[in-house]
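Participant: Generate a structure from the sequence data that follows.
(4 chains, ligands or ions: 6)
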Amino acid sequence: MSVTETATGMKKFINEPEDVVKESLQGLGAAHPDLVRIDLKNQIVVRKDAPVAGKVGLVSGGGSGHEPMHGGFVGKGMLDAACPGEVFTSPVPDQMLAATKAVDGGAGVVHIVKNYTGDVMNFRLAAELAEDEDIRVESVLTNDDVAVEDSLWTAGRRGVGVTVLTEKIAGAKAEAGGSLEEVAGIARKVNAQGRSFGVALTSCVTPAAGAPTFELGADEMEFGVGIHGEPGRRREKIAPVAEIVEQMSEAILSDLDPRRGSNLLAFVNGLGGTPLIELYVIYNELTKQLERRGLTATRSLVGNYITSLDMAGASITLLTLDDELTALWDAPVQTPALRWGT
Amino acid sequence: MSVTETATGMKKFINEPEDVVKESLQGLGAAHPDLVRIDLKNQIVVRKDAPVAGKVGLVSGGGSGHEPMHGGFVGKGMLDAACPGEVFTSPVPDQMLAATKAVDGGAGVVHIVKNYTGDVMNFRLAAELAEDEDIRVESVLTNDDVAVEDSLWTAGRRGVGVTVLTEKIAGAKAEAGGSLEEVAGIARKVNAQGRSFGVALTSCVTPAAGAPTFELGADEMEFGVGIHGEPGRRREKIAPVAEIVEQMSEAILSDLDPRRGSNLLAFVNGLGGTPLIELYVIYNELTKQLERRGLTATRSLVGNYITSLDMAGASITLLTLDDELTALWDAPVQTPALRWGT
Amino acid sequence: MQGGKGVNAETVQRWLRAAAALLHEQRDYLTQLDAAIGDADHGTNMDRGFTAVLEKLEELNGTTPPGRVLTTAGATLISKVGGASGPLWGTALRRAGRALGDSEDFGPSELVDALDAALVGVVELGAAEEGDKTMVDALAPALRALREGLDGGASLQDALAAASSASEDGMKATVPMQASKGRASYLGERSIGHQDPGATSTALIIAALARAVDEET
Amino acid sequence: MQGGKGVNAETVQRWLRAAAALLHEQRDYLTQLDAAIGDADHGTNMDRGFTAVLEKLEELNGTTPPGRVLTTAGATLISKVGGASGPLWGTALRRAGRALGDSEDFGPSELVDALDAALVGVVELGAAEEGDKTMVDALAPALRALREGLDGGASLQDALAAASSASEDGMKATVPMQASKGRASYLGERSIGHQDPGATSTALIIAALARAVDEET
Ligand SMILES: Nc1ncnc2c1ncn2[C@@H]1O[C@H](COP(=O)(O)OP(=O)(O)O)[C@@H](O)[C@H]1O
Ligand SMILES: Nc1ncnc2c1ncn2[C@@H]1O[C@H](COP(=O)(O)OP(=O)(O)O)[C@@H](O)[C@H]1O
Ligand SMILES: [Mg+2]
Ligand SMILES: [Mg+2]
Ligand SMILES: [Mg+2]
Ligand SMILES: [Mg+2]
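Facilitator: Ligands and ions are numbered 1, 2, ... in the order given. This next block holds a predicted model:
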């Protein structure tokens, strides 16, 4: 079925919905041949010079629709490979195994897994397959979304914004020669010290469905939304951004509970359809909230890094920093989506 | 009036519509204190260490709503200052004069002006004021949008995507010690060798109006749209991206007419509401179009760099490269939105 | 053994084909159910998986024993589907196939053992219990009904018909439940009032099994 | 001089206040017109500018001569509005003010010279001619009608009333025109059938002038 036939609510630059992921990967590879290579058969993105002998390999993956995560984070100083699944559907063990083999430099491979039932199950099967081939694998789960209670009665908190920070910081640790245990350790530390919260102003539209995943009134927002259009904590009337950011900060900080005077990395993330001008307005409000609590954002990241297709919305992630994390954050990174240093 | 009162069709993270620009600037300054400083009174963004003695200053500006352009391009290797006007309204001469004085290191200042009546008039008045204060000013006009015929019967072609490339390349030339004439010269060369074309799938919504600037049917696209929601050449049914990109490439290349074998910089730009996964699908189609014509994209830029608020849409800019332009493109740049090298 | 002749590779292939057809037919419906409490991809996932299974079946020659057919189908789902349903249904079919071993054909009691192994595999991987609002709520009742029917002396056809309606009841019973596993659990109380997509596709697959065996006679 | 007493700072301030009030009132209408063939900000621009002008007027003491009031207003528009209309109307008022010089009050012929200087300034900056579908299409006819009226012996009030309706006619006449200046020109033929926002705000400003002088008597 072509776009013209499914156009209603389908304002997308695509050919066949089922080809979006592969065609987008080809575009990524064509645009950044200096950084990554694409293995189309296995549907994985691999760092140009992988495997790096003696370096711990870093692999992540998940459903597509969150670009630039994860494929845009492959490169020196971050991921060695990414496994993109279909849109909003976790990848399959075969992809993860192929990626793991492609990046194993002999020092073992860390899997960074966002806490979703599907991702967890598929990465678990993949890790078993990899170990059958004598590759040491350490799996690290990210679960930073405080919109979901972490209780016996749920699948546990979702992995969202902190995943980006984990991949950058663990990637720097691996680049610096960290061991499998050290790289996995720093990744778990980042996850433990980071929390996120998201708000949606509109639903996303998946290429397969061609219609909004959920309906929101013209004056409504979804408070605590997930990155797959999963509805959130509750629906509320849109409020001035000052109020929204106060509620988001409250939800995050009451759970993270950093001591006064802490240095933080403040990450204001766009969900895909919200322009940068608004993300900086959010950042401005966030700095006021932090000040009020005697906290300082000594590092920042503002932009669309972990998205939900075309959803208008934003998430805030706060990470408590120490000298080690700050140094690893500042370390050089050369990927399609994050680039600094050399 | 608060967002809750004006919410219909107003899915934005803002407080008062009239405060968006200033609050966003404050956020930009708070997030990137290492790169820029904000002069709120004059509403300008200035490179942290400006003025750089002996270096030609580079100033640009225009209406807001195109973020990261221009404020996100201020920093080492690109702009020395940016003058953001109200949303979609060119800034005023006072801002431009203040910016010009703030960055003049004694070698003169280049104004990069997008060809819109308002921008041209205000920059012209500003240049006169600056010259009254004995600052040498060279104005460079960008007018790369082939969707508009450049005839006596129009205000001339609009300045769009090539502006980003001009600011990067002229910025590198200035950083390398180029003279006022040399920096203006290279900027004019980039504009002369670059062409763009844009397509919108949805209208943008300005904070002031709170409603779509134009109405598009569920299966319609605006072909040849401007970055202010100005309607384009014509309205068409949405087609598969392969067809859309073929038409866009045709419009650009028939005008630019590069000789076979040319190296190009291929810039696929999102207008704000279109996710990266689609921009890479567009890039993939674009490489096919270039191949067919014996052209090679030796450099690329893919992302949201010159936007139209929350508009879903994309533009393609093609720049014919030579060794000088390629080297200047590759030169280090340290700005909030473009960063590489050191 | 009582109640009609045994089940063979033929039957199993018919089952998988019937399941694939039903899932393809209900694809958009399943995706809509998933949109309400998940991420709007369950129909696409199951349809993609079983379409791949059909292709795989073509490659198998008639002599492949039924157990092999099922393990192959399970492996295919694991490599093609992703998401939660891929590993879950993939494991279910693989375990069922392994339980059947290499025998040419088998009877009702082996079928019970196979479905039991499937359920055990799903629970091992997903740790869901009945009442959690998952596919388990449609699979477990089906197995119970099948076992009870056969113990009560019903024919395999009749027992499977009972299993199929038990599975449908289990599916419907997920509506008032609050999800405590999978994506839907993020919704907390807001998951109440919606039918679980995985339970729905499971009921379709059990219905396909009943139909496939019924066509034997 | 014939036709009622002269115009003074009082009158000019009343003019600017009346213009500000009309533009504020019509703000959304002007923005809608601009949405159709421009970028949906003309109302906001003019309203922002004239609101700033009002604030500036407060700072002026009664003794400021009318010419000064206008140059100040023009400078304020240039620093506050931006866009195309800022420099254009800013230049118009500055030129008009300069033409009046420092005289305490002035008569009809000086007013004609002032408006003529304003038009010349707009054309110098924007290079638009009548028929280009711009503010010039509302300003030029107004000036012609004023001149003709006075030459024909009409009172300043009556001549200004004629100027105002000529300006409105000019505004309406922009509807069938194809724009060849400003943003609307990008639309080519698609600009036909829409009324030019700048011509509309200009007609309002001329109407405000007529009203301000009329209130004299
Ligand atoms: N832990 C679990 N145990 C059993 N079944 C589960 C579990 N988690 C989810 N499911 C089933 O999977 C279905 C969702 O499958 P699908 O939408 O294809 O995967 P995803 O949730 O990854 O998008 C749910 O409706 C539920 O029946
Ligand atoms: N070259 C020009 N000469 C005279 N008037 C012009 C010219 N260009 C534009 N205008 C006027 O300016 C109006 C638009 O003003 P405005 O919307 O405030 O600025 P912008 O077009 O920069 O958004 C147009 O309706 C037209 O009347
Ligand atoms: Mg999914
Ligand atoms: Mg404007
Ligand atoms: Mg799902
Ligand atoms: Mg306008």
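Participant: Run a quick neighbour tally on the residue of chain A found nearest ligand 1.
Facilitator: With Cβ to the nearest ligand atom, the shortest gap between chain A and ligand 1 falls at residue A:118, namely 3.1 Å. Bear in mind the C-beta positions are built from the backbone N, C-alpha and C, glycine included. By other Cβ atoms under 10 Å in any protein chain shown, the residues close to residue A:118 number 30.
Participant: Okay, it and residue B:190: tell me how far apart.
Facilitator: Between residue A:118 and residue B:190 the computed distance is 47 Å (Cβ to Cβ, to the nearest Å).
Participant: How about residue C:95?
Facilitator: 64 Å.
Participant: Which one of the two is surrounded by more residues?
Facilitator: More crowded of residue C:95 and residue B:190, by other Cβ under 10 Å: residue B:190, with 30 against 23.
Participant: tell me which element that one falls in.
Facilitator: Using DSSP states H and E, residue B:190 maps to helix B:180-193.
Participant: Name the residues of the helix or strand bottoming out on mean pLDDT in chain A that come out as buried.
Facilitator: In chain A, no helix or strand scores lower on mean pLDDT, DSSP states H and E than strand A:234-237, which sits at a mean of 91. Using 16 or more other Cβ atoms under 10 Å in any protein chain shown as the test for burial, strand A:234-237 gives A:235-236.
Participant: So is it next to chain B?
Facilitator: Yes - applying Cβ under 8 Å from any Cβ of the partner chain, one finds strand A:234-237 touching chain B at residue A:237.
Participant: Once you drop chain neighbours, what's closest to residue C:70?
Facilitator: Spatial nearest neighbour of residue C:70, excluding adjacent residues (Cβ to Cβ, 6 or more residues apart in numbering or on different chains): residue C:97 at 3.1 Å.
Participant: Just give the number of residues close to the one you found.
Facilitator: Residue C:97: 24 neighbours (other Cβ under 10 Å).
Participant: Any part of the helix or strand encompassing it near ligand 1?
Facilitator: Element membership for residue C:97, per DSSP H and E: helix C:85-100. Yes - judged by Cβ under 6 Å from any ligand atom, helix C:85-100 comes into contact with ligand 1 at C:85, C:88.
Participant: What is that helix packed up against?
Facilitator: Judged by 3 or more Cβ pairs under 8 Å, 6 or more residues apart in numbering or on different chains; DSSP states H and E, the packing partners of helix C:85-100 are helix A:117-132, helix C:42-59, helix C:66-80, helix C:108-126, helix C:197-214.
Participant: Now the terminal residues of stretch C:183-200, how far apart.
Facilitator: Start to finish, the residues bounding stretch C:183-200 are 16 Å apart (Cα to Cα, to the nearest Å).
Participant: residues from the stretch 51-200 of chain A in reach of ligand 5?
Facilitator: By Cβ under 5 Å from the ion, no residue of the stretch 51-200 of chain A approaches ligand 5.
Participant: Of all residues in chain C, which one is closest to ligand 2?
Facilitator: For chain C, Cβ to the nearest ligand atom, closest residue to ligand 2: residue C:40, 40.8 Å.
Participant: Report how many residues lie close to that residue.
Facilitator: As a burial measure, residue C:40 scores 29 neighbours (other Cβ under 10 Å).
Participant: which residues sit in contact with it?
Facilitator: Each residue near residue C:40 by Cβ atoms under 8 Å, 6 or more residues apart in numbering or on different chains is listed here: A:88, A:206, A:208-209, A:213, A:229, C:31-32, C:34.
Participant: what's near enough to touch the residue lying closest to residue A:201 once chain neighbours are set aside?
Facilitator: Using Cβ to Cβ, 6+ apart and skipping residues adjacent in sequence, the residue nearest residue A:201 is residue B:11, 3.8 Å away. Contacts of residue B:11 were listed using Cβ under 8 Å, 6+ apart, and they are A:201-202, A:218, A:221, A:238, A:312, B:205, B:310.
Participant: Figure out how far the helix holding residue C:97 is from the centre of its chain.
Facilitator: 9 Å (Cα atoms, centre = their mean, to the nearest Å).
Participant: what about it, near ligand 3?
Facilitator: No - applying Cβ under 5 Å from the ion, one finds helix C:85-100 separated from ligand 3 by no less than 8.5 Å.
Participant: Convert that helix to PDB, retaining C-alpha atoms only.
Facilitator: Output of helix C:85-100 as PDB, limited to C-alpha atoms (Å, rounded to 0.1, in the frame of the first residue of the first chain):
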ATOM      1  CA  SER C  85       4.900 -12.000  21.500                       C
ATOM      2  CA  GLY C  86       7.800 -13.200  19.400                       C
ATOM      3  CA  PRO C  87       9.900 -14.900  22.100                       C
ATOM      4  CA  LEU C  88       6.700 -16.000  23.900                       C
ATOM      5  CA  TRP C  89       4.900 -17.700  21.100                       C
ATOM      6  CA  GLY C  90       8.200 -18.800  19.600                       C
ATOM      7  CA  THR C  91       9.100 -20.500  22.900                       C
ATOM      8  CA  ALA C  92       5.700 -22.000  23.200                       C
ATOM      9  CA  LEU C  93       5.800 -23.700  19.800                       C
ATOM     10  CA  ARG C  94       9.400 -24.900  20.300                       C
ATOM     11  CA  ARG C  95       8.600 -26.400  23.600                       C
ATOM     12  CA  ALA C  96       5.500 -28.100  22.200                       C
ATOM     13  CA  GLY C  97       7.500 -29.500  19.300                       C
ATOM     14  CA  ARG C  98      10.300 -30.800  21.600                       C
ATOM     15  CA  ALA C  99       7.600 -32.500  23.700                       C
ATOM     16  CA  LEU C 100       6.400 -34.400  20.600                       C
END
